[in-house]
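A.B. asks: fold the following and give me the result.
(chains A and B)
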Amino acid sequence: DAGVIQSPRHEVTEMGQEVTLRCKPISGHDYLFWYRQTMMRGLELLIYFNNNVPIDDSGMPEDRFSAKMPNASFSTLKIQPSEPRDSAVYFCASSLDGTQYFGPGTRLLVL
Amino acid sequence: GQNIDQPTEMTATEGAIVQINCTYQTSGFNGLFWYQQHAGEAPTFLSYNVLDGLEEKGRFSSFLSRSKGYSYLLLKELQMKDSASYLCAVRGPALYDKIIFGKGTRLHILP
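C.D. replies: Residues are numbered from 1 along each chain as shown, chains lettered A, B, ... in the order given. All right, here's what the predicted structure looks like:
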């Protein structure tokens, strides 16, 4: 069974550009989570969905960040415009019974 | 609010035993997780405790005391591949509340 799939795995962009990160959760999982990880702040929850509906977006840093889940098998996290301080590893995770399974992450570098 | 504390770094010797402690203060509690994260990779699930006591799984064991807000992860017969970060994470009062992660403990194994 395939795990959580994320794309791209690496992204390098310039300040001001739009960045879109993609996630395909494990089939049958009804919860999807977006995290950001940096050395300074550790693993931070940005937003999570249940049955495609956003439940808690209190971790989204500001209006430049938005996330959607149009169906059970796909979610996006968008940053527009991007800034150098957004450089981090972004993880998507999904769960069915409370245990979260993480994707490989997208390593984002904003120059 | 929620606060999770764990040591930043630890060092141990191959073949030995190491205990990684985690203390937490939360406004509600419905389970504590331990995740392992190798450098450059995604966190992977190790253990889950919701009741007091010890859960053993091969070389790894996890202990929880809810009254003390305390958990530890015990790793026996250490191997070089156990060099990784170990993340303690706590879930809020509802079964599907969000999980808050500690900053992790970086474990170095010496030959």
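A.B. asks: beta partners for the residue positioned nearest the centre of chain A?
C.D. replies: Geometric centre of chain A, nearest residue: A:Trp34, 3.6 Å, by CA atoms, centre = their mean. On the basis of DSSP bridges, A:Trp34 is bridged to A:Ile47, A:Cys92.
A.B. asks: how about the contacts made by it?
C.D. replies: A:Cys23, A:Leu45, A:Leu46, A:Ile47, A:Tyr48, A:Ala67, A:Ser75, A:Leu77, A:Tyr90, A:Phe91, A:Cys92 (CB atoms under 8 Å, 6 or more residues apart in numbering or on different chains). Quick note: C-beta positions are derived from backbone N, CA and C, even for glycine.
A.B. asks: and for A:Leu21?
C.D. replies: Per CB under 8 Å, 6+ apart, neighbours of A:Leu21: A:Gln6, A:Ser7, A:Pro8, A:Glu11, A:Thr76, A:Leu77, A:Lys78, A:Tyr90, A:Cys92, A:Thr106, A:Leu108.
A.B. asks: skipping adjacent residues, who's closest to it in space?
C.D. replies: Nearest residue to A:Leu21 in three dimensions, chain neighbours excluded: A:Leu77, at 4.5 Å (CB to CB, 6 or more residues apart in numbering or on different chains).
A.B. asks: need the nearest residue in space to A:Glu11, chain neighbours excluded.
C.D. replies: Closest to A:Glu11 by CB to CB, 6+ apart is A:Leu108, at 4.9 Å.
A.B. asks: check A:Gly28 too.
C.D. replies: A:Leu96 is the one closest to A:Gly28 (CB to CB, 6+ apart), at 6.2 Å.
A.B. asks: B:Ser61 too?
C.D. replies: Per CB to CB, 6+ apart, closest to B:Ser61 is B:Leu74, 4.4 Å.
A.B. asks: quick one: the strands in chain B?
C.D. replies: B:3-5, B:9-13, B:18-25, B:32-37, B:44-49, B:53-57, B:60-65, B:70-75, B:84-91, B:99-101, B:105-110 (DSSP state E).
A.B. asks: next to chain A, which bits of chain B? Give me the list.
C.D. replies: By CB under 8 Å from any CB of the partner chain, the residues of chain B that approach chain A are B:31, B:33, B:41-45, B:48, B:87, B:91, B:95-96, B:98-104.
A.B. asks: let's see 6 Å
C.D. replies: B:Ala42, B:Pro43, B:Phe45, B:Lys98, B:Phe101, B:Lys103 (CB under 6 Å from any CB of the partner chain).
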